[in-house]
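Visitor: With the input below, show me the fold.
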Amino acid sequence: MTLPPDNPRDRIEPVADWSQTMGSRPRPKPAAAPPPWRDRRHWRWAALLVSLLIVAIIVFRKPVADRLWPDSRVQLLLQEGETALAQGRLSAADGTGARQRFEAAQALDSDRSEARAGLMRTGQAALVQARAALESDRIADAQRLLELALELQVPRTASDAVDRDLRARETDLAGVESLLQRAMAAHGQDRLEGGDEAALPLYQKVLTLQPHRTAALEGREDALSDLLQQARGSLEAGNLSEGANLVSRVRHYDAGHVDLPDTQAQLARAIDQALAQADANLGRGRMQEALAGYRQVQEAAPEYERARQGMETLAAEYARQAVRKASDYDFDDAEALLSQARAIASESAVISDAQQELARLRESSSRLQSTAPSRERNRRVDALLVQMREAEMRGEWMTPPGDSAYDKLRAAQALSPRHADVKRAATRLVPATRACFEDELRGNRVGRARACYDAWRTLEPGSSGLPDARTRLAQKWVAVGTEQLGTGDVAFAIRALEQARTLDAGAPGVDEFAERVRNAGNSQR
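Guide: Okay, the predicted model is just below:
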């Protein structure tokens, strides 16, 4: 077998020891490590440190600055304190006084003796100024300066001397003992108020100077009890304004007097009763009595809204009466009534409407009074009587002004008072209004029943049946209002309560209904 020639690349040379050969070869050098500044972790730590440094500079820049340069700031405060002390500005609310400047310097450097010395000299200056104020009888200034000196901890012996002199001077100037004796003498003579020499003003002067003087405190309390007794007597006599005035004066002297709450409660009850009486007088047509009642309440308690509302209702009633007088062609009385309405509530829109209606009726009267043929006059009378019957059928007995059944009758009477049909219509209208009232009341149509009642009262004001009719109508308003209140109609219930009070505030059930309406109104808030 013939072998192929040897290939040098395939030949394996003998090696004595391969491990020695491997060890003898030079090892490769490891790669060089990157410099630290190229490590991302170092960059993150550096950024964090820079951020913290910036925040620290922002937050602590002033304290650091004060620590680095404290002397300049402290020295400036000390100089300003010395300047203020030299100028006599010992303390100032805006911080520019000597006390405030020295205290600020001490707060920056508590080891500086100059600040403590400055505060001590400020206290001593306060005592000097207090003494000067005392010699000039400026008691309030002396007291203020003495308090400043005490706060700055001046020697007690020096401050006590000024304090003793101050109290003695106050006593000399005010004559506390003399004031107290004069107050007790005036009290014994029942001169409680009415001038500087009355008991209560004198007691007040004593207590201003010596707030804890027992004799003055007890004397004032007894005097105020006497005033409250007078107030209760005035309220029982129906003098609301005097009672309210006495209560107000007692409250001025001592709002915490033990007898004051009971007297205030009595005043509130008296005001409610006066308002109820005024409402009742208004419902009965007693206009002057109602006006006097509302005005009395307004004088005693101007904050009572109900009195203002009553005055507006009264003014509206005067305005309605003025229109009725004008419908009867009695323009002098109409203007007088309208003037009364303006005096009560000059801004009321009802009064403005009444004024316009009077002007219209004046113009109408002028046309009717112009000469006209008898046939034309009779034709107008017939037309007015037809319009009157139509208004009756609609239940428009008194309203709207100028177009009501009553107004049409008055116009017909003005044209031809002796006309037979006019006389029959006038005779028929009074019982018709009474019948209308009863029919509408039975049907619970309280609004129309009120219109019929007003017509009846106007046509027959002296009727003996009016008081009973008024009370029954007020109770019917309460009944209908209660029914509507049960359905949640609070607005109608409030209107029903106003109508009932206007008619007869003392009618059975009105007060209970008022309480239910008040509770319902509070629950909706």
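Visitor: Can you list the neighbours in contact with stretch 162-177?
Guide: Applying Cβ atoms under 8 Å, 6 or more residues apart in numbering, the contact partners of stretch 162-177 are 127, 130-131, 134, 137, 139, 142-143, 146, 149, 205-206, 209-210, 213. Every residue, glycine included, has its C-beta placed from N, CA and C.
Visitor: from those, which is closest to residue 405?
Guide: The shortest approach to residue 405 among the contacts of stretch 162-177 belongs to residue 205, at 71.5 Å (Cβ to Cβ).
Visitor: So the closest one is in contact with residue 179, correct?
Guide: Yes. If you go by Cβ atoms under 8 Å, residue 205 and residue 179 touch, sitting 5.3 Å apart.
Visitor: More neighbours: these two, which one.
Guide: A count of neighbours by other Cβ atoms under 10 Å puts residue 179 above the other of residue 205 and residue 179, at 22 against 19.
Visitor: which SSE is that one in?
Guide: Using DSSP states H and E, residue 179 sits in helix 176-188.
Visitor: Give me the distance from that helix to the chain's centre.
Guide: Centroid separation for helix 176-188 versus its chain: 40 Å, with Cα atoms, centre = their mean, to the nearest Å.
Visitor: okay, now the closest residue in space to residue 231 that isn't next to it in sequence: neighbour count?
Guide: Of all residues not flanking residue 231 in the chain, residue 246 sits nearest, at 3.6 Å (Cβ to Cβ, 6 or more residues apart in numbering). Residue 246 sits with 25 neighbouring residues when counted by other Cβ under 10 Å.
Visitor: Next, give phi and psi for residue 246.
Guide: Main-chain torsions, residue 246, degrees, to the nearest 10: phi -70, psi -40.
Visitor: Kindly supply the PyMOL command isolating those of the contacts of stretch 162-177 that are buried.
Guide: Here the buried members of the contacts of stretch 162-177 are turned into a PyMOL selection, burial being counted by 16 or more other Cβ atoms under 10 Å:
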select buried, resi 127+130+131+134+139+142+143+146+149+205+206+209+210+213
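Visitor: wait, which of the contacts of stretch 162-177 is closest to residue 240?
Guide: Relative to residue 240, the closest of the contacts of stretch 162-177 is residue 205; by Cβ to Cβ it sits at 31.4 Å.
Visitor: Now do stretch 480-498: distance from first to last residue.
Guide: From its first residue to its last, stretch 480-498 covers 13 Å (Cα to Cα, to the nearest Å).
Visitor: Now that stretch: average pLDDT?
Guide: The average pLDDT within stretch 480-498 is 88.
Visitor: Please compute how far that stretch lies from its chain's middle.
Guide: On Cα atoms, centre = their mean, the centre of stretch 480-498 falls 28 Å from that of its chain.
Visitor: could you point out where the stretch 251-400 of the chain is predicted with low confidence?
Guide: Scanning the stretch 251-400 of the chain with the threshold set as pLDDT under 70 gives 327-330, 364-373.
Visitor: where do the strands sit along it?
Guide: With strands called from DSSP state E, counting those that start in this stretch, the stretch 251-400 of the chain shows none.
Visitor: list the contacts for residue 223?
Guide: Taking Cβ under 8 Å, 6+ apart, we find residue 223 in contact with 187, 192, 199-200, 203.
Visitor: Kindly list the main-chain dihedrals of it?
Guide: Here is the backbone geometry of residue 223 (degrees, to the nearest 10): phi -60, psi -40.
Visitor: ok, the residue nearest to residue 231 - contacts?
Guide: Residue 246 makes contacts with 227-228, 230-231, 234, as judged by Cβ under 8 Å, 6+ apart.
Visitor: If we use 6 Å, what do you get?
Guide: Going by Cβ atoms under 6 Å, 6 or more residues apart in numbering, residue 246 touches 227, 230-231.
Visitor: Weed out the non-buried ones from those.
Guide: Buried members of these, counted by 16+ other Cβ under 10 Å: 227, 231.
Visitor: Report the spatially nearest residue to residue 405, omitting neighbours in sequence.
Guide: Nearest one to residue 405, counting by Cβ to Cβ, 6+ apart, is residue 391 at 3.9 Å.
Visitor: what about the closest residue to residue 388 other than its chain neighbours, neighbour count?
Guide: In this structure, residue 388 finds its nearest non-sequential neighbour in residue 408, 3.8 Å apart by Cβ to Cβ, 6+ apart. Residue 408: 24 surrounding residues under other Cβ under 10 Å.
Visitor: and what of residue 376?
Guide: 11.
Visitor: and the gap between it and residue 186?
Guide: From residue 376 over to residue 186 the distance is 83 Å, taken as Cβ to Cβ, to the nearest Å.
Visitor: now swap in residue 222 and tell me
Guide: Separation of residue 222 from residue 186 (Cβ to Cβ): 12 Å.
Visitor: if you count what's nearby, which of those two comes out ahead?
Guide: Legend: neighbour count by other Cβ under 10 Å for residue 222 and residue 186, higher for residue 186 (23 against 13).
Visitor: who are the neighbours in contact with that one?
Guide: By Cβ under 6 Å, 6+ apart, the residues touching residue 186 are 198-199.
Visitor: Thought residue 88 was touching residue 98, still the case?
Guide: No. The criterion here is Cβ atoms under 6 Å, and residue 98 misses it with residue 88 at 8.8 Å.
Visitor: where are the low-confidence patches of the stretch 1-150 of the chain?
Guide: Flagging of the stretch 1-150 of the chain using pLDDT under 70 yields the residue ranges 1-47, 55-71.
Visitor: the helices in it, which residues?
Guide: For the stretch 1-150 of the chain, helices defined by DSSP state H, counting those that start in this stretch occupy the ranges 18-24, 40-68, 70-86, 98-108, 113-135, 139-151.
Visitor: Same check on the stretch 351-500 of the chain?
Guide: Under the criterion DSSP H, counting those that start in this stretch, the stretch 351-500 of the chain contains helices at 374-394, 405-415, 420-442, 446-459, 466-486, 490-504.
Visitor: most packed of those helices?
Guide: Burial of those is given as mean neighbour count (mean count of other Cβ atoms under 10 Å); helix 405-415 ranks first at a mean of 23.
Visitor: Can you name every helix or strand that that one contacts?
Guide: On a contact count with 3 or more Cβ pairs under 6 Å, 6 or more residues apart in numbering; DSSP states H and E, helix 405-415 meets helix 374-394, helix 420-442.
Visitor: Next, the angle helix 139-151 makes with the helix or strand hosting residue 201.
Guide: Element membership for residue 201, per DSSP H and E: helix 199-209. Taking axes from the mean of the first three to the mean of the last three Cα atoms, to 10 degrees, one finds helix 199-209 and helix 139-151 inclined to each other by 30 degrees.
Visitor: Check the offset of helix 199-209 from the chain's centre.
Guide: The answer for helix 199-209 is 32 Å, by Cα atoms, centre = their mean.
Visitor: Number the residues from 866 up from this point.
Guide: OK, 866 is where the count begins now, so the last one is helix 1064-1074.
Visitor: Buried residues, that helix. List them.
Guide: Going by neighbour count (16+ other Cβ under 10 Å), the buried part of helix 1064-1074 is 1064-1072, 1074.
Visitor: Just put these in TSV and tack on distance to residue 1314 and pLDDT.
Guide: Putting those into TSV (distance: Cβ to Cβ, whole Å; pLDDT from 0 to 100) gives the following:
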residue	distance to residue 1314	pLDDT
1064	59	84
1065	56	85
1066	59	85
1067	63	85
1068	61	84
1069	60	84
1070	64	83
1071	66	81
1072	63	82
1074	69	73
